[in-house]
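Colleague: have a look at this prediction, sequence included:
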Amino acid sequence: MNKTLLHAASLAALTALATPATASDIQLYGVLDYGLSVQHREYVDGTDSTQSRMVSGQYIGSRVGLKGEEDLGNGLKAGFVLENGFSSDTGALGQGGRLFGRDARLYLDGDFGYLSFGRMGSMVGGNGPYARFGHVVSPFSCGWGDIGGHLQVVSLGYEFIDNAVAYTTPTFAGFDATVQYSFGTDTKKYGTGVEGKSSVERMASGAVRYRNDKMMVAFGVESINQAQPAADNAQLDDSFSWNLGANYDAGWAKFYGYAQVFESYAAAARTTTFALASGVDGWGVNVGVDVPAFGGTAKLGVGYGDFEGSRDSAMTMSTWQTAVGYTYALSRRTTLYTAADWIASDYSQSYKTEKPSATEDVVEFTVGIVHKF
């Protein structure tokens, strides 16, 4: 089925590109990211492991996409984005095997603002036009794979959401506002035709942002209505997070900061994941800097997170993360990157007893190349 859809989409794309009337309106684009990684892990039971591997999309997620736009007149435009995520080292579809897992969206853009429908990146994330807390608040965005980023020190919500509507207002004196709602966050988990029902997970979020030539500040709130009755059976309440992010370009360096307070998420910390069926509460902060160096950009990020069980305060984890990296552009389209990372997590004895295979320490080094087309 996926092959049939892919062939149909490819044929449609080639036909559109070959038609003179629409040739200037349709764009084919993509990213290929290949990295070589060595990662060492130590576990709470005293064991350890080391893995060397080729990885895809560590710096920028590998993808291929189609986008187009039509001018409707009077300052109004209609457009679409269809973006496929895949593993460049294997060719496998990403995002749970979806054909257009990164973006499948129709939008209207005009004096009234920017309105979209479909599958898209979440507001508290690093992908798509509505993301407010990704690469703009961290030198490593949400993370180069397991390296850097702030997902190690905050809650784990959704990177992409299905059945979504999102809207951003026009800018007034540097300010704009964004709202986003998903009628059913993940059709792979809940199926189709049930969105909007209490038996599926639904998400609502909103953010206010200020930007000028040197700085950006954003504040946002995300809430997740848990699927029922499964959440009640697990004693998991609805999730909430409060997010504050900023950056400042001083010319000689660019500074980043992100902080989050959250409650009742199913999990936190992407790499040394802290997860409880009845939910996790906590907070985290991540700071970083980009500095031009030797024709490229040197990066540094430091983060700390503190978590405990929503229903059991004896279950805890604290985690530190430090990452350094460097990018060097060979051209406008091709970039080399390298980074190293150290994560140290400390668990309560109760959590260690229940989950002896939990990861305690992680050290990783990666080097790779990205090409955009």
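Modeller: Nice, thanks for sending it over.
Colleague: in stretch 160-168, what's buried?
Modeller: 160-164, 166-168 (16 or more other CB atoms under 10 Å). To be clear about C-beta, it is placed using only N, CA and C from the backbone, and glycine gets the same treatment.
Colleague: so of the residues you listed, which ones are in strands?
Modeller: Secondary structure from DSSP state E places 160-164, 166-168 of those in strands.
Colleague: just send the residues you listed back as CSV, with distance to S141 and pLDDT too.
Modeller: Output for those, formatted as CSV (distance: CB to CB, whole Å; pLDDT from 0 to 100):
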residue, distance to S141, pLDDT
F160, 15, 96
I161, 18, 97
D162, 22, 97
N163, 25, 97
A164, 21, 98
A166, 20, 98
Y167, 24, 98
T168, 20, 98
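Colleague: wait, isn't S116 in contact with A166?
Modeller: Yes - judged on CB atoms under 8 Å, S116 makes contact with A166 at a distance of 5.0 Å.
Colleague: shared neighbours of the two, anything?
Modeller: Y130 (CB atoms under 8 Å, 6 or more residues apart in numbering).
Colleague: which stretches of this structure form helices?
Modeller: 2-18, 187-190, 230-234, 349-354 (DSSP state H).
Colleague: got the ones in strands among the buried residues of stretch 160-168 as TSV, with distance to W320 columns?
Modeller: Output for these, formatted as TSV (distance: CB to CB, whole Å):
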residue	distance to W320
F160	28
I161	30
D162	34
N163	37
A164	34
A166	34
Y167	38
T168	35
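Colleague: and of these, the nearest to V153?
Modeller: F160 (21.1 Å; CB to CB).
Colleague: and stretch 230-241, how far from the chain's centre?
Modeller: 22 Å (CA atoms, centre = their mean, to the nearest Å).
Colleague: buried residues in it, which are they?
Modeller: 231, 236-237, 239-241.
Colleague: can you say which two of the residues you listed are spatially most distant?
Modeller: A231 and S241 (16.6 Å).
Colleague: sorry, back to before: farthest-separated two in the buried residues of stretch 160-168?
Modeller: Longest span within the buried residues of stretch 160-168, CB to CB: D162 and T168, 19.7 Å.
Colleague: how about low-confidence regions in this protein?
Modeller: 1-24 (pLDDT under 70).
Colleague: let's see 90
Modeller: Applying pLDDT under 90 to the chain picks out residues 1-25, 191-193.
Colleague: in it, where's the longest strand?
Modeller: Assigned via DSSP E, the chain shows its longest strand as strand 274-293.
Colleague: quick check: end-to-end length of stretch 87-103?
Modeller: In stretch 87-103, first residue to last residue: 16 Å (CA to CA, to the nearest Å).
Colleague: cool, stretch 130-148 as well?
Modeller: Using CA to CA, first and last residues of stretch 130-148 are 22 Å apart.
Colleague: can you give me how far it is from the chain middle?
Modeller: 7 Å.
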